[in-house]
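In: How does the following fold in three dimensions:
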Amino acid sequence: MLTERQLLILEAIIQDYTDVGRPIGSKALERQLPMHVSSATIRNEMSVLERLGLINKEHSSSGRVPSLKGYRYYVDNLVKPDTVDKQSLENIRASFGSQFFKSDEILAESAQILSKMTNYTAIAFRPESQDIFLQGFKIMPMGQQRVMVILVMSDGAVESQIFNLPKYISGEELEAMVRVINDQVSGVPINQVVEKLQESIPLLLHYVHQPRGFLDVFGRVLDKAAQDQFFIGGKLNLLNFVESGDVEQIKALYSLIDRYDDINGLINNSGENIQVKIGKELINRSLANYSLISATYDVDQHGKGLIALLGPTNMPYSKMIGLLGTLREELASRLLDYYNSYDD
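Out: Numbering: from 1, shown residues only. Alright, predicted model coming up:
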């Protein structure tokens with residue numbers, strides 16, 4: 001348990017390091033602390049904090065910097081979310097005030113807003129809902145056995161992908177299968193569609209001798225729909241905090257941010273309201289000097305989603321947590337407006 005003075009010193013070191021990115025010494029702390037304390041006393045307290053692993057000494061300098069353990073203690077015990085200023089709130093609402101034709105556009109915009117306001121990398125995940133169902137399925141011939149498979153979801157989302165069909169499937173067989181599939185899966189929850197299609201194989205055998213190949217095509221589009229769950233703003237901002245000349249880290253970070261499984265595993269909020277992961281807690285070694293703040297948002301019967309911010313460990317946590325909390329409220333409100341107008 002830290003004393004009040006030790007807490008003030010730890011907080012001052014972290015805030016100063018966030019502002020200037022340099023170690024802070026006892027003389028500077030003496031001027032910053034709200035209570036009168038001699039520099040000798042401050043040095044003694046800094047020694048205690050160092051023994052506890054909350055701060056580190058850099059090189060031979062007398063200055064100290066926060067450790068990852070220090071940041072963790074700070075976030076868990078000292079951080080209070082800042083209130084977003086009026087101008088920033090107006091900017092967020094103005095950005096969400098545009099006309100959106102798909103829920104994906106709103107989510108993509110939320111990631112762009114957050115990235116522009118912070119100069120960090122922002123990630124927005126779609127709401128997960130059991131209520132989304134397949135509304136329609138169609139195929140557009142592209143010539144030479146190439147077709148575009150199009151799926152329309154009940155929330156307005158559209159997924160499409162181009163495939164080469166086996167030569168044994170004729171145009172008439174294709175049209176017949178589309179009718180059967182629409183009859184069988186329209187209105188079925190998206191997570192049950194593949195199972196329902198497997199039950200439809202006996203029906204499809206009336207039109208084509210090898211329906212499984214076609215169902216594999218359909219299944220791949222559904223897989224793509226399941227994976228296109230997140231939107232990124234400010235991808236390149238992630239590279240701003242790489243140590244100079246570390247080419248391997250740059251490669252690792254750039255590939256990480258494109259992979260659904262990696263991003264999903266990285267965030268893994270577990271339903272918490274607002275969660276902060278720091279350094280090694282992010283598991284991925286290329287993110288040792290990064291922190292991730294994620295927040296859930298709720299759109300009632302349409303499910304819950306996530307919005308997250310990935311930036312340097314020495315980010316201003318109070319400001320970022322406050323901003324993320326405000327943005328997720330505005331995002332949820334805008335999505336609710338969209339779903340209500342779509343249902344109408």
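In: where does Arg126 land in three-state SS?
Out: Of the three states, Arg126 takes strand according to DSSP: H, G, I helix; E, B strand; the rest coil.
In: Report pLDDT for it.
Out: Listed pLDDT for Arg126 reads 83.
In: likewise Leu287?
Out: On the pLDDT scale, Leu287 gets 86.
In: Settle this for me: it is touching Gly279, isn't it.
Out: Yes. Judged on Cβ atoms under 8 Å, Leu287 makes contact with Gly279 at a distance of 7.5 Å. For every residue, glycine as well, the C-beta is placed using N, CA and C.
In: what about those two, which has more around it?
Out: Leu287 (24 against 17; other Cβ atoms under 10 Å).
In: Just want the phi and psi numbers for the more buried one.
Out: Per-residue torsions, Leu287: phi -110, psi 20 (degrees, to the nearest 10).
In: gap between it and Lys277?
Out: 9 Å (Cβ to Cβ, to the nearest Å).
In: taking the mean pLDDT, what do you get for stretch 88-102?
Out: 88.
In: which residues are in contact with that stretch?
Out: Here stretch 88-102 makes contact (Cβ atoms under 8 Å, 6 or more residues apart in numbering) with 84, 106, 109-110, 112-113, 117, 156-158, 323, 326-327, 330-331, 334, 338.
In: Mind checking which of the residues you listed land in strands?
Out: Counting by DSSP state E, the contacts of stretch 88-102 place Val158 in strands.
In: For PyMOL, what selects the buried ones among the contacts of stretch 88-102?
Out: This is how PyMOL selects the buried members of these, with burial counted by 16 or more other Cβ atoms under 10 Å:
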select buried, resi 84+106+109+110+112+113+117+156+157+323+326+327+330+331+334+338
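In: Sort out for me which of the contacts of stretch 88-102 are in helices.
Out: In helices, defined here by DSSP state H, the members of those are 106, 109-110, 112-113, 117, 323, 326-327, 330-331, 334, 338.
In: now, which of the residues you listed sits nearest Ser255?
Out: Gln112 (21.8 Å; Cβ to Cβ).
In: from memory the closest one sits against Ile232, does it?
Out: No. The criterion here is Cβ under 8 Å, and Gln112 misses it with Ile232 at 9.2 Å.
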